[in-house]
Each structure stands twice: as C-alpha cells, then as structure tokens.
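Enquirer: Pasting a predicted model and its sequence here:
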Amino acid sequence: MTRRLIKILDGLWREAIKLQAGNKCEFCGAPRHIKPLHAHHVIPRTNYRVRWEPLNGVALCYRCHMHWAHKDATAFTAWFKQLVGSARYRRLQKMRQEYYDSTIRDFSYYKGKLKNVGLRGGGNLGAALATIRGTRR
Ligand SMILES: [Zn+2]
C-alpha cells in the first residue's frame, strides 16, 4: 500500500472512531464540541493488521488521552476490556498476532468497512475523505 493510501485510511479510521463513540470522549464523556477528540490506538498503529480495525480504537479527549491512557497503561487496559467485553478484547488480541501482508485490495476493504462504521455512528466519511485528499498537495 502506498503512503498516500495509508494516510487516507488513517484519516478515515480517526473519523470513524469518533463517530463510533458518538462524538464523545469514551472515558470522561466530554462532547467533541467542548473538547476536541483524539482517536487512540489500543494496539499501536505500527501493527498494520489492526491499524484500521474499528475495534482497535477509542475516542478520548486530549486530557484522557495524554494524561491517562498514555500514563497508566494498566488502568487503560482494564477499562478498555470492560468497555468492549472480554470476547471482543480476546478477538483483538488474536488479530494482533496474525500475519499481515498489506496489499492494495486492503484499501478498498478498509475504506468500505470504516465508511459503514461512520454511517452507523450517524456521520458521513465522504467529507472527511475529501478533506484528507485536499490536504495532499
Ligand atoms: Zn476525556
């Protein structure tokens, strides 16, 4: 996959995670219009198998992201397990171990998957996509 496509999927993933969370910090509940949200990777994005998985992200405000999730990994993990349930947590842990060979076909797969997550969250990722593409000059 090219850098450009990776950048597009990263942008779609961030937006889908925020929509999936109802545009609120999933830890403290602060709405997006009060505190800008960050999309936090539970398993670091250096693992491409789960980099664009909707299950691998939570929306957090700056404070909860930088001063909690990144500071207290044990508390964050316990909280996340509770949030998604142990079955989904185990599924994510299994996914991270899977062999992954990034191909161009993944772009369409993840683009479609993230758009659906966005739609379920009540938003349209078309605008996000246009913004991401527009910044690429
Ligand atoms: Zn917060």
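Expert: Happy to help now that I have it.
Enquirer: got the residues of the chain near the ion?
Expert: 25, 27-28, 30, 61, 64 (C-beta under 5 Å from the ion). The C-beta positions use only the backbone N, C-alpha and C, and glycine is treated the same way.
Enquirer: now, which of those residues lie within helices?
Expert: Among these, the ones falling in helices (DSSP state H) are residue 64.
Enquirer: Got a ChimeraX select line for the buried ones in the residues of the chain next to the ion?
Expert: Selection of buried members from the residues of the chain next to the ion for ChimeraX, criterion 16 or more other C-beta atoms under 10 Å:
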select :25,27,30,61,64
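Enquirer: the strands in this structure, which residues?
Expert: Counting by DSSP state E, the chain has strands at residues 37-41, 57-61.
Enquirer: show me the contacts for residue 30.
Expert: By C-beta atoms under 8 Å, 6 or more residues apart in numbering, residue 30 lies in contact with 24, 61.
Enquirer: Check the gap between it and residue 100 for me.
Expert: 34 Å (C-beta to C-beta, to the nearest Å).
Enquirer: likewise residue 33?
Expert: Applying C-beta to C-beta to residue 33 and residue 100 gives a distance of 36 Å.
Enquirer: so the most centrally placed residue in the chain bridges to which residues?
Expert: Ranked by distance to the mean C-alpha position of the chain (C-alpha atoms, centre = their mean), the top residue is residue 57 at 3.7 Å. For residue 57, the beta-bridge partners under DSSP bridges are residue 41.
Enquirer: doesn't residue 12 make contact with it?
Expert: No - if you go by C-beta atoms under 8 Å, residue 57 and residue 12 don't touch, sitting 11.4 Å apart.
Enquirer: Buried residues, stretch 14-29. List them.
Expert: 14-21, 24-27.
Enquirer: Adding distance to residue 8 and pLDDT, write those out as JSON lines.
Expert: As requested, the buried residues of stretch 14-29 are exported to JSON lines (distance: C-beta to C-beta, whole Å; pLDDT from 0 to 100):
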{"residue": "14", "distance to residue 8": "11", "pLDDT": "96"}
{"residue": "15", "distance to residue 8": "11", "pLDDT": "95"}
{"residue": "16", "distance to residue 8": "12", "pLDDT": "95"}
{"residue": "17", "distance to residue 8": "15", "pLDDT": "96"}
{"residue": "18", "distance to residue 8": "16", "pLDDT": "96"}
{"residue": "19", "distance to residue 8": "17", "pLDDT": "94"}
{"residue": "20", "distance to residue 8": "18", "pLDDT": "93"}
{"residue": "21", "distance to residue 8": "21", "pLDDT": "95"}
{"residue": "24", "distance to residue 8": "25", "pLDDT": "96"}
{"residue": "25", "distance to residue 8": "25", "pLDDT": "97"}
{"residue": "26", "distance to residue 8": "24", "pLDDT": "97"}
{"residue": "27", "distance to residue 8": "28", "pLDDT": "97"}
